[in-house]
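[1] Fold the following for me, if possible:
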Amino acid sequence: IYHTHSQEGFADSIEGDEATSVVGVGNYLESILRDIYGYQVIHRKDTFDLMEGQLDRSKAYNYALPVIGQVLEENPTIQVVIDLHRDGVPEGKHLVTEINGKPTAQIMFYNGLSHTINSGDLSYLPNPYIQDNLAFSFQLEYQAALYYPELYRGIYLAGLRYNLHLRPRALLLEAGAQTNTVQEVKNAMEPFADILDRVLQGK
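    Residues are numbered from 1 along each chain as shown. Here you go, the predicted structure:
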């Protein structure tokens with residue numbers, strides 16, 4: 001688990017408080033996957049979108065690539081790479097449902113195609129795993145549809161690569177948005193971990 005945009009926060013986030021940022025949500029997901037499902041998890045909390053005190057999200061994917069690439073080189077058995085984000089929506093929009101009696105932020109999977117309508121295939125952003133990445137998102141979507149149909153917002157297809165070429169099961173997860181509370185987004189990690197486990201266990 002890592003965060004290309006580690007500075008992303010929520011409606012009640014406290015500036016400078018990791019626990020109330022997207023990184024804090026990653027901490028919670030890490031604990032669920034490790035303590036409940038028994039997975040080994042590495043959670044990197046590097047800051048890629050804050051350079052010399054200035055927020056710069058445009059280059060964050062470039063900064064993240066060598067760091068995450070080195071983690072994968074040092075840990076070749078890693079099967080799944082999750083770049084955990086939150087979405088940005090109009091201020092009047094609230095991506096929330098109820099799951100297991102708790103207000104729960106909705107999630108979306110963001111897939112890069114290395115292909116745009118204007119430019120066609122982007123040869124400078126090769127990704128041999130585009131089909132694998134999509135298949136992984138579809139498998140997760142299927143499990144969500146079976147068990148948590150209100151959790152899921154769909155798959156968003158974008159033109160660039162977003163470092164999804166690092167593994168066949170690389171995922172950019174948008175959990176809630178800036179209008180959700182921290183707790184709503186943390187609540188979403190519970191059903192997400194369940195559907196992830198169902199896919200990994202071949203259920």
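[2] Quickly list what M108 is bridged to.
    E174 (DSSP bridges).
[3] Break down this structure into its strands, ranges please.
    In the chain, the strands defined using DSSP state E lie at 50-51, 54-55, 80-87, 96-99, 102-105, 107-112, 115-116, 120-121, 152-158, 169-177.
[4] Of those strands, which stretch is the most buried?
    strand 169-177 (a mean of 24; mean count of other C-beta atoms under 10 Å). Any C-beta I mention is one placed from the backbone N, CA and C, and that applies to glycine too.
[5] Quick one: distance of that one to the chain centre.
    Between the centre of strand 169-177 and the centre of its chain there are 2 Å (C-alpha atoms, centre = their mean, to the nearest Å).
[6] list the helices and strands that strand packs on?
    For strand 169-177, the packing partners by 3 or more C-beta pairs under 8 Å, 6 or more residues apart in numbering; DSSP states H and E come out as strand 80-87, strand 102-105, strand 107-112, helix 130-147, helix 182-200.
[7] swap the cut-off to 6 Å and go again
    strand 80-87, strand 107-112, helix 182-200 (3 or more C-beta pairs under 6 Å, 6 or more residues apart in numbering; DSSP states H and E).
[8] Of all these, which one is nearest G24?
    Nearest to G24, of all these, is helix 182-200, at 6.8 Å by C-beta to C-beta.
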